[in-house]
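Enquirer: the sequence and its predicted three-dimensional model are supplied below.
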Amino acid sequence: MKNKKLKEEWNAIPNRGILPHETEARMWNTIRKATIHKYKIFYNWTAAACAVIVLSIGGYHSFNQFVSVQPKITSTITFKDDIRLISLPDGTRVWLNQNTEIDYPEKFSKNERRITLKGEAFFEVKRDESRPFIITSGAVKTTVLGTSFNVKAYNDADAQVSVRTGKVKVETAQNTVFLERGDRAVYTDKTSTVNKDKTLNFEPEWKRVLLYVDGLTLEEVITTLKRDHKFSVQYSNDDLKKLKIQGTLDTRQGFYETLQTIAFALEINISPVGNSTYIISK
């Protein structure tokens, strides 16, 4: 637009036609370089500088967004003779054996649930077909959708995975095996592979010391205890069977003490009457 206006003003100069055409053209080119081209170059440089600033700001914003979405990691560590039961953000329950460390995000991503484990843990994974549950334990990676299984990986030399329910994929950089109930995968450090065999140990002995009874009725809890103890109970009122208990029972305190913990939590009485029989009353 400025180029056209300047040309019109040049053409309107009086007596301009007395100059030779070559001289007129040369004078016009000189004026154009000193004015229009000068500002055009400045404009291009300014636009380029603005673009760099905008890109820099956009890049900084994108970097901040990238940094901000990184999930916070929670670590739980157990020590000698320390067995714990924890719940992960998705509702998965994990029993941790002694001398174990587990790392997991405060909130799982939309595509997967990924954790790391060093030590031994029993998992009851909450089923979610859209987000596989992935455990990295040294050179071994275990992937499931929803199942219960045990992972032992204090070090690569004795890493193994055994399944109680469901299906599990166990893999290394060298090979992959698929496990079902009663199967076990054992890692061989020399070949960096996992080998599949059978096991009768569906649930490790150490895991049984902590009973997850949250939301169970008193009758269901008594049935659970009968798996490891021979005793019978009599209810003074059948309604007592429907009482619900919350939390976890630590059976290391002893059988009688466990019954008294239940009684205290439900505000009832559980009294022995001989021959491994107990009366439950209000």
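Expert: Cool, the structure landed.

Enquirer: tell me the bridge partners for residue 74.
Expert: Note on residue 74: beta-bridge partners by DSSP bridges are residue 104.

Enquirer: show the pLDDT at it.
Expert: At residue 74, the model reports a pLDDT of 94.

Enquirer: who's in contact with it?
Expert: The contact partners of residue 74, by Cβ atoms under 8 Å, 6 or more residues apart in numbering, come to 103-106. Placement of C-beta: from N, CA and C, glycine included.

Enquirer: ok, it to residue 147 distance?
Expert: 23 Å (Cβ to Cβ, to the nearest Å).

Enquirer: what's the answer for residue 168, then?
Expert: Taken as Cβ to Cβ, the span from residue 168 to residue 147 is 6 Å.

Enquirer: more neighbours, these two?
Expert: residue 168 (28 against 19; other Cβ atoms under 10 Å).

Enquirer: can you tell me how far that one is from residue 266?
Expert: According to Cβ to Cβ, residue 168 stands 37 Å off from residue 266.

Enquirer: likewise residue 191?
Expert: Distance of residue 191 to residue 266, given as Cβ to Cβ: 54 Å.

Enquirer: more neighbours: which of the two?
Expert: residue 266 (18 against 11).

Enquirer: show me what stretch 267-282 is in contact with.
Expert: Residues from elsewhere that reach stretch 267-282 (Cβ under 8 Å, 6+ apart): 218, 230-237, 240, 243, 256, 259-260, 262-263.

Enquirer: report the buried members of these.
Expert: 218, 233, 235, 240, 243, 259, 262-263 (16 or more other Cβ atoms under 10 Å).

Enquirer: what strands line up against the helix or strand containing residue 120, and which way round?
Expert: If you go by DSSP states H and E, residue 120 is part of strand 113-124. The strands beside strand 113-124 in its sheet (DSSP bridges) come out as strand 93-96 (antiparallel), strand 101-105 (antiparallel), strand 133-137 (parallel), strand 148-153 (antiparallel).

Enquirer: among these, which comes closest to residue 175?
Expert: When these are compared by Cβ to Cβ, strand 133-137 sits nearest residue 175, at 16.2 Å.

Enquirer: for the closest one, what is the distance to the chain centroid?
Expert: 9 Å (Cα atoms, centre = their mean, to the nearest Å).

Enquirer: can you pull the buried residues of that strand?
Expert: 133, 135, 137.

Enquirer: could these be laid out in JSON lines, adding distance to residue 179 and pLDDT?
Expert: Shown next, in JSON lines, are the buried residues of strand 133-137 (distance: Cβ to Cβ, whole Å; pLDDT from 0 to 100):
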{"residue": "133", "distance to residue 179": "14", "pLDDT": "96"}
{"residue": "135", "distance to residue 179": "13", "pLDDT": "96"}
{"residue": "137", "distance to residue 179": "15", "pLDDT": "94"}
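
Enquirer: low-confidence ranges in the stretch 151-282 of the chain?
Expert: 156-157 (pLDDT under 70).

Enquirer: quick one: the strands in it?
Expert: 160-165, 168-171, 176-179, 183-188, 193-198, 210-212, 216-217, 232-235, 244-245, 248-250, 269-274, 277-281 (DSSP state E, counting those that start in this stretch).

Enquirer: need those in a markdown table (columns: distance to residue 90).
Expert: Output for the strands of the stretch 151-282 of the chain, formatted as a markdown table (distance: least, Cβ to Cβ, whole Å):
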| stretch | distance to residue 90 |
| --- | --- |
| strand 160-165 | 17 |
| strand 168-171 | 17 |
| strand 176-179 | 21 |
| strand 183-188 | 24 |
| strand 193-198 | 26 |
| strand 210-212 | 16 |
| strand 216-217 | 21 |
| strand 232-235 | 36 |
| strand 244-245 | 23 |
| strand 248-250 | 19 |
| strand 269-274 | 35 |
| strand 277-281 | 36 |
